[in-house]
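[1] for reference, the sequence and a predicted model appear below.
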Amino acid sequence: MGDVVLELRGVSKDYRGLRPLRVKHLQVHQGESIALLGFDQITAEVFVNLVTGAIVPDAGEVRVFGHSTADIADGEAWLASLDRFGILSDRAVLLDRLTVAQNLAVPFSLDLDPMPDSVKADVRRLAAEVGLDDADLERIVADVDAAARLRVRLGRAIALNPRVLLAEHPTAAAPPDDVPAIGADISRVIASRGLAGVTITADPTFAAAVAEQVLTLQPATGELNARPGWRRWLGWR
């Protein structure tokens with residue numbers, strides 16, 4: 001197993017909800033993929049913001065690549081640290097009137113029409129990696145289905161070679177029949193790139209497809225517990 005890239009200890013963050021978000025202990029290694037259940041959309045966003053250093057905990061510590069997020073000195077240092085993360089979330093804005101190819105090109109270049117040949121090659125490679133075909137590339141994003149939009153967001157999240165993929169309820173809008181394939185594709189991307197993957201979801205089936213380990217948050221205590229026999233319960237071996 002790789003080095004520890006993410007660790008939360010004794011974390012508490014008041015977000016003006018029923019109770020603070022608490023995480024007693026979580027440790028994620030490079031190359032490890034975990035899924036977290038028990039976070040709603042609001043607490044998932046708070047969790048992602050804590051991990052990326054956008055906010056700091058009221059208590060406890062968040063450490064990323066061995067350094068406390070509380071020690072990030074300024075905005076420039078924070079932006080540099082953010083490069084290590086790819087974030088897969090509906091909060092990531094897509095440009096609906098542009099094509100899938102143009103949306104995938106944005107991390108590489110803002111020259112979209114015409115698109116440089118080198119960027120076209122990057123876009124085709126990225127599209128294939130996330131399960132989009134050549135026909136998808138020419139379609140307007142507003143016209144593609146929820147599964148394809150998710151794949152565009154996945155491509156954008158990994159385009160600049162992050163070391164950690166944070167997925168925030170990625171399949172909430174996806175058709176249930178598409179969820180197992182999406183989970184398998186995200187799992188493949190995490191494994192092939194050697195990423196640390198943290199997926200927050202409310203769907204146990206998707207969690208099993210995307211991650212090696214599934215943990216459920218106990219909100220009152222912040223404990224993250226593995227469900228005994230969860231693979232057997234879902235029909236996984």
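    That came in fine, so what should we check first?

[2] got a list of what the nearest residue to Leu215 once chain neighbours are set aside touches?
    Among residues not flanking Leu215 along the chain, Leu224 sits closest, at 4.1 Å (CB to CB, 6 or more residues apart in numbering). Every residue, glycine included, has its C-beta placed from N, CA and C. The contact partners of Leu224, by CB atoms under 8 Å, 6 or more residues apart in numbering, come to Val23, Lys24, His25, Leu26, Leu36, Leu215, Thr216, Leu217, Gln218.

[3] try it again at 7 Å.
    Listed by CB atoms under 7 Å, 6 or more residues apart in numbering, the contact partners of Leu224 are Val23, Leu26, Leu215, Leu217.

[4] closest to Ala172 among these?
    If you rank the contacts of Leu224 by distance to Ala172 using CB to CB, Leu217 comes first, at 17.2 Å.

[5] show me what the closest one is bridged to.
    Counting by DSSP bridges, Leu217 forms beta bridges with Leu224.

[6] I'd say it and Asp40 touch.
    No: using CB atoms under 7 Å, Leu217 is not in contact with Asp40; the gap is 10.1 Å.

[7] and the one helix or strand Ala181 maps to, how far out from the chain's middle?
    Using DSSP states H and E, Ala181 sits in helix 179-193. Relative to its parent chain, helix 179-193 has a centroid offset of 12 Å by CA atoms, centre = their mean, to the nearest Å.

[8] what's the average pLDDT for the following helix or strand past it?
    Later in the chain than helix 179-193, the nearest helix or strand by DSSP H and E is strand 196-200. Mean pLDDT, taken over the full extent of strand 196-200, equals 98.

[9] the helix or strand just after strand 196-200 packs against which elements?
    Next helix or strand after strand 196-200 toward the C-terminus (DSSP H and E): helix 204-210. Using 3 or more CB pairs under 7 Å, 6 or more residues apart in numbering; DSSP states H and E, the elements in contact with helix 204-210 are strand 33-37, helix 179-193.

[10] report the distance from helix 204-210 to the chain centre.
    With CA atoms, centre = their mean, you get 14 Å for helix 204-210.

[11] list the buried residues of that helix.
    Across helix 204-210, burial judged by 16 or more other CB atoms under 10 Å covers Pro204, Thr205, Phe206, Ala207, Ala208, Ala209, Val210.

[12] next SSE downstream of the helix or strand encompassing Ala148?
    Ala148 belongs to helix 146-158 when assigned by DSSP H and E. Downstream of helix 146-158, the first helix or strand assigned by DSSP H and E is strand 164-168.

[13] what strands flank that next one, and is each parallel or antiparallel?
    Here, using DSSP bridges, strand 164-168 pairs with strand 85-89 (parallel), strand 196-200 (parallel).

[14] what residues does that strand touch?
    When contacts are defined by CB under 7 Å, 6+ apart, strand 164-168 is touched by residues 5-6, 44-45, 48, 51, 84-89, 157-158, 186, 190, 195-200.

[15] so what's the nearest residue to Glu212 once chain neighbours are set aside bridging to?
    Using CB to CB, 6+ apart and skipping the chain neighbours, the partner closest in space to Glu212 is Ser33 (5.2 Å). Ser33 forms beta bridges with Gly197, as assigned by DSSP bridges.

[16] if I look at Gly75, what pLDDT would I see?
    pLDDT recorded at Gly75 is 88.

[17] I misspoke; the intended subject was Leu18.
    With respect to pLDDT, Leu18 has a value of 82.
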